[in-house]
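Chemist: based on what follows, work out the 3D shape:
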Amino acid sequence: MASKEMSLKLLVDVKGSRVLFAEVSKEFVDFLFHIFSLPLGTLVELIGSNQMAGCLGKLKGSIESFHANYLQPGIKMDDIFNPKTAFNNKTFLLSYDASSEVQSGASKAVYRCSNAAAHFAPPNQVAETQLADEIKKRGYVKEVVTYMVMDDLVVNPMSTISGITLINKFGVKDLSQLEEKNVSFGKDEGLRLLEASLKTNKVLTTVFLH
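Modeler: Now for the predicted structure:
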């Protein structure tokens, strides 16, 4: 399970003012994987309508001003902007926490005995819930290795050879221009990373150097 704050080790090209890559733990990689399970409405909610590129922010504003008379009975704004998904939980730093609310539209099969009624979740719903619980406990990736995340968020298992290869690939001739930098990564940095990832390929540089 991801902690509230993580520690990342950046390799910074001081002369070029850029992050070459970050050495990270499984918790950070789990966070990156989890981004793809967030509904679009939740992304807009987390980043903020005014910060969104394009017109999704304006669409969100117009929906929020929609009169309830035009909505189907029982539909709430949270059903639109923060729908629950199997992995949409607060384990991964940025998730919307609506655990106290009842999921709208949840269907359950009903089986009647001779003298009582019992409610059971369909098998596929049980399987999804069990998988979500496992994800909460274990995350997405294994803990046996350290991982390397590039400035554009490309992620790979870390190795000495891959690090040296990348330094050469970036055309760094003078190793003295490289500097290791330890940084903390919490919810604020997570929101900035999410916003930057929608606008640029230089995500780590944008979050930690600008």
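Chemist: and the residue most central in space within the chain, which of the three is it?
Modeler: Most central in the chain under Cα atoms, centre = their mean is residue 35, positioned 2.7 Å from the mean C-alpha point. At residue 35 the chain is in helix, as set by DSSP: H, G, I helix; E, B strand; the rest coil.
Chemist: nearest residue to it other than its sequence neighbours?
Modeler: residue 194 (6.7 Å; Cβ to Cβ, 6 or more residues apart in numbering). For glycine as for every other residue, the C-beta is placed from the backbone atoms N, C-alpha and C.
Chemist: does the one you found really touch residue 43, like I thought?
Modeler: Yes - taking Cβ atoms under 8 Å as the definition, residue 194 is a contact partner of residue 43 at 6.9 Å.
Chemist: buried stuff in the helix or strand hosting the residue nearest to residue 35?
Modeler: Per DSSP states H and E: residue 194 is located in helix 187-197. Residues 189, 190, 191, 192, 193, 194, 195, 196, 197 are the ones in helix 187-197 that count as buried (16 or more other Cβ atoms under 10 Å).
Chemist: tabulate these (TSV), appending pLDDT.
Modeler: Formatted as TSV, the buried residues of helix 187-197 follow (pLDDT from 0 to 100):
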residue	pLDDT
189	94
190	93
191	91
192	93
193	94
194	91
195	91
196	93
197	92
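Chemist: wait, which of those residues is closest to residue 8?
Modeler: Distance to residue 8 across those (Cβ to Cβ) is lowest for residue 189, with 8.9 Å.
Chemist: which residue ranges of the chain form strands?
Modeler: 6-13, 18-24, 109-112, 117-120, 147-150, 155-157, 178-185 (DSSP state E).
Chemist: for the first one, what is the distance to the chain centroid?
Modeler: The chain centroid and the centroid of strand 6-13 are separated by 19 Å under Cα atoms, centre = their mean, to the nearest Å.
Chemist: and for the fifth one?
Modeler: Chain-centre distance of strand 147-150: 16 Å, with Cα atoms, centre = their mean.
Chemist: could you do the second one as well?
Modeler: In terms of Cα atoms, centre = their mean, the centre of strand 18-24 is set 18 Å apart from its chain centre.
Chemist: and the strands of the chain, which one's lowest on average pLDDT?
Modeler: Mean pLDDT values for the strands of the chain show the minimum at strand 109-112, a mean of 40.
Chemist: can you give me the neighbour number for residue 63?
Modeler: For residue 63, the neighbour count with other Cβ atoms under 10 Å is 13.
Chemist: check the nearest residue to it once chain neighbours are set aside and give its pLDDT.
Modeler: With Cβ to Cβ, 6+ apart as the criterion, residue 63 has its nearest non-adjacent residue at 6.4 Å, and that residue is residue 80. pLDDT, residue 80: 81.
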